[in-house]
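Trainee: Curious how this folds, go ahead:
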Amino acid sequence: MAGGLFSALTPTPLPERLRPARVEDIVGQDHLLAPDAPLGRMLAAGRLGSLILWGPPGCGKTTIARLLADHVNLHFEPLSAVFSGVADLRKVFDAARQRRLGGRGTLLFVDEIHRFNRAQQDGFLPYVEDGTVTLVGATTENPSFELNAALLSRCQVLVLRRLDTPALMTLLSRAEEAVGRALPVTDAAREAVCAMADGDGRYVLTMAEQVLDLKVDAPLSPEDLARLLQKRAPIYDKGQESHYNLISALHKSLRGSDVDAALYWYARMLDGGEDPLYLARRLVRFASEDVGMADPQALTQALASWDAYERLGSPEGELAIAQTVVYLATAPKSNALYVASSAARQAARETGSLAPPMHILNAPTKLMKQLGYGKDYDYDHDAPDAFSGQNYFPDGMARRELYRPVERGFEREIRKRLEYWAKLREKRHKGE
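Mentor: Purely as a prediction, here's the structure:
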């Protein structure tokens with residue numbers, strides 16, 4: 001009786017009340033649950049293999065695992081990697097073994113499975129292999145980074161999508177149906193609720209519950225919602241998958257000369273709590289790697305914004321970095337410097353310890369002069385056009401064209417210079 005009393009005092013939250021009771025009620029994951037999709041085929045066959053469900057928070061991982069167990073008549077055993085250790089796993093496996101002897105299998109659902117270390121992950125292997133448990137792990141992180149290869153080889157990885165606006169709108173409609181009244185919001189505010197949820201179904205229902213509890217005289221506007229509700233924090237972990245995805249998006253937007261997309265990804269990373277100095281360092285790298293000599297000022301601009309941020313701090317210094325984002329996105333692009341540097345390193349590895357040609361070596365001692373150091377060196381400033389055309393590669397090594405400037409930006413001028421010097425070099429060699 002006491003339990004019933006306390007249950008009445010603590011009503012079930014709306015997200016839990018609306019947790020789907022059938023696979024057909026799950027929204028936003030048709031690419032997995034449709035009849036011809038991976039999970040749809042498994043359910044039709046009545047057989048379920050071990051799975052890793054990878055997706056953002058609030059997309060339905062736990063619900064899917066629970067309904068899969070019901071559909072194939074497996075005992076559902078939930079476990080959180082955050083709160084569980086080796087002793088807890090041992091109890092689960094012992095119980096599953098006994099349950100199996102009685103003729104029923106176990107679906108072991110491990111939430112946040114990436115939180116288990118490599119040794120703990122290895123502990124699952126014998127029980128997955130012999131069928132003691134069907135493992136369904138849930139993770140918000142890239143399994144290829146966080147789970148060991150042995151475990152991955154025994155599980156099928158299924159990627160769940162963040163819930164789009166139509167899916168979130170469906171959840172809002174279900175919330176209204178459950179409580180028997182409409183959300184007191186305008187159409188624009190309804191869309192704002194979905195935007196604030198950022199793809200998280202659990203969060204959109206939590207916000208809907210808060211709005212439904214409000215006593216208002218007129219429908220709320222988006223501005224009213226922003227004042228009354230807390231926006232969901234962006235999904236961003238500076239050491240994990242989202243970090244690498246967003247910096248890749250920024251880098252490739254810059255390379256693609258899409259200034260608006262580059263500014264967007266820059267803002268997304270800042271909003272997620274990224275260290276602006278990390279972004280400043282990446283922009284310095286981009287200036288050399290993807291702009292290079294097409295605009296030599298790009299590197300100067302990138303270094304200047306780094307310096308400006310260290311002097312000003314946040315938020316003022318972030319504008320200097322944004323200036324560099326715009327500069328780099330709109331600069332002419334060339335990876336000729338990057339390619340040349342890589343080719344030079346490769347040539348250096350191939351040729352080993354070949355010595356420079358004798359004529360370009362200094363001869364500070366009499367012995368070195370006698371040995372031929374510096375002999376026949378042509379001082380370029382004394383040559384016509386200040387260009388001697390001598391060979392500066394090691395003797396016995398054929399000349400290599402490592403740097404090939406493109407026909408863009410300042411490299412167009414560099415290309416002209418190189419072609420001019422090539423003609424002079426050819427002319428000199430013919431005259432010898």
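Trainee: going forward, measure contacts between C-alpha atoms and count neighbours the same way
Mentor: Noted.
Trainee: check contacts around S305.
Mentor: 280, 317, 320-321, 323-324 (C-alpha atoms under 8 Å, 6 or more residues apart in numbering).
Trainee: Three-state assignment for it, please.
Mentor: For S305, the assignment made with DSSP: H, G, I helix; E, B strand; the rest coil gives helix.
Trainee: how about stretch 378-389: buried residues?
Mentor: Applying a neighbour-count criterion of 16 or more other C-alpha atoms under 10 Å, one finds 387-389 buried in stretch 378-389.
Trainee: first to last residue in that stretch, what's the distance?
Mentor: Start and end residues of stretch 378-389 are separated by 9 Å (C-alpha to C-alpha, to the nearest Å).
Trainee: Tell me the gap between that stretch and the middle of its chain.
Mentor: Taking C-alpha atoms, centre = their mean, to the nearest Å, the mean C-alpha location of stretch 378-389 is offset from the chain mean by 52 Å.
Trainee: before we move on, the earlier item: quick one: buried ones out of the contacts of S305?
Mentor: The buried subset of the contacts of S305 (16+ other C-alpha under 10 Å) comprises 280, 317, 320-321, 324.
Trainee: Could you pull up the residues touching the residue nearest to A249 when sequence neighbours are not counted?
Mentor: Here the nearest residue to A249 in space, its sequence neighbours aside, is W265; by C-alpha to C-alpha, 6 or more residues apart in numbering that works out to 6.7 Å. For W265, the contacting residues are 246-247, 249-250, by C-alpha under 8 Å, 6+ apart.
Trainee: distance of the residue positioned nearest the centre of the chain from V216?
Mentor: When the chain is reduced to its mean C-alpha position, the nearest residue by C-alpha atoms, centre = their mean turns out to be N245, at 1.8 Å. Look at N245 and V216: by C-alpha to C-alpha, they are 41 Å apart.
Trainee: same check, this time on Q98
Mentor: In this structure, Q98 and V216 are separated by 56 Å, where distance is defined by C-alpha to C-alpha.
Trainee: got it, and E426?
Mentor: According to C-alpha to C-alpha, E426 and V216 sit 86 Å apart.
Trainee: now swap in Y392 and tell me
Mentor: Taking C-alpha to C-alpha as the criterion, Y392 is separated from V216 by 82 Å.
Trainee: Same check on G60?
Mentor: As for G60, its distance to V216 is 32 Å (criterion: C-alpha to C-alpha).
Trainee: the more surrounded of those two?
Mentor: The residue with the greater number of neighbours, taking G60 and V216 and applying other C-alpha atoms under 10 Å, is G60; the counts read 25 against 11.
Trainee: who touches that one in this structure?
Mentor: Applying C-alpha under 8 Å, 6+ apart, we find G60 in contact with 26, 201.
Trainee: how about the helices in the stretch 151-300 of the chain?
Mentor: Listed from the start of the chain, the stretch 151-300 of the chain has helices (DSSP state H, counting those that start in this stretch) covering 165-179, 187-197, 201-212, 222-228, 241-255, 259-271, 276-286, 297-312.
Trainee: now those in TSV, with mean pLDDT?
Mentor: Supplementary listing: the helices of the stretch 151-300 of the chain in TSV, determined by pLDDT from 0 to 100:
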stretch	mean pLDDT
helix 165-179	93
helix 187-197	89
helix 201-212	89
helix 222-228	82
helix 241-255	86
helix 259-271	91
helix 276-286	94
helix 297-312	95
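Trainee: mind checking which of those helices is nearest H114?
Mentor: Ranking the helices of the stretch 151-300 of the chain by distance to H114, with C-alpha to C-alpha as the measure, places helix 241-255 first at 12.3 Å.
Trainee: So what's the gap between stretch 277-292 and the chain middle?
Mentor: Averaged C-alpha coordinates place stretch 277-292 at 18 Å from its chain's average position (C-alpha atoms, centre = their mean).
Trainee: buried ones in that stretch?
Mentor: Using 16+ other C-alpha under 10 Å as the test for burial, stretch 277-292 gives 277, 279-280, 283-292.
Trainee: And this protein, what are its domain boundaries?
Mentor: For the chain, automatic domain parsing gives the domain ranges 29-159, 165-228, 241-330, 355-431.
Trainee: These into JSON lines, with extra columns for distance to A347?
Mentor: Formatted as JSON lines, the domains of the chain follow (distance: least, C-alpha to C-alpha, whole Å):
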{"stretch": "domain 29-159", "distance to A347": "34"}
{"stretch": "domain 165-228", "distance to A347": "50"}
{"stretch": "domain 241-330", "distance to A347": "19"}
{"stretch": "domain 355-431", "distance to A347": "9"}
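Trainee: Out of these, which gets nearest to L14?
Mentor: Taking C-alpha to C-alpha as the criterion, domain 165-228 is the member of the domains of the chain that comes nearest to L14, at 6.4 Å.
Trainee: Do me a favour and get the end-to-end distance for the closest one?
Mentor: Distance across domain 165-228, first residue to last, is 21 Å (C-alpha to C-alpha).
Trainee: again with stretch 267-286
Mentor: 18 Å.
Trainee: Which parts of the stretch 51-200 of the chain are strands?
Mentor: Across the stretch 51-200 of the chain, reading from the start of the chain, the strands by DSSP state E, counting those that start in this stretch fall at 51-54, 75-80, 106-111, 134-139, 156-159.
Trainee: All set now, cheers.
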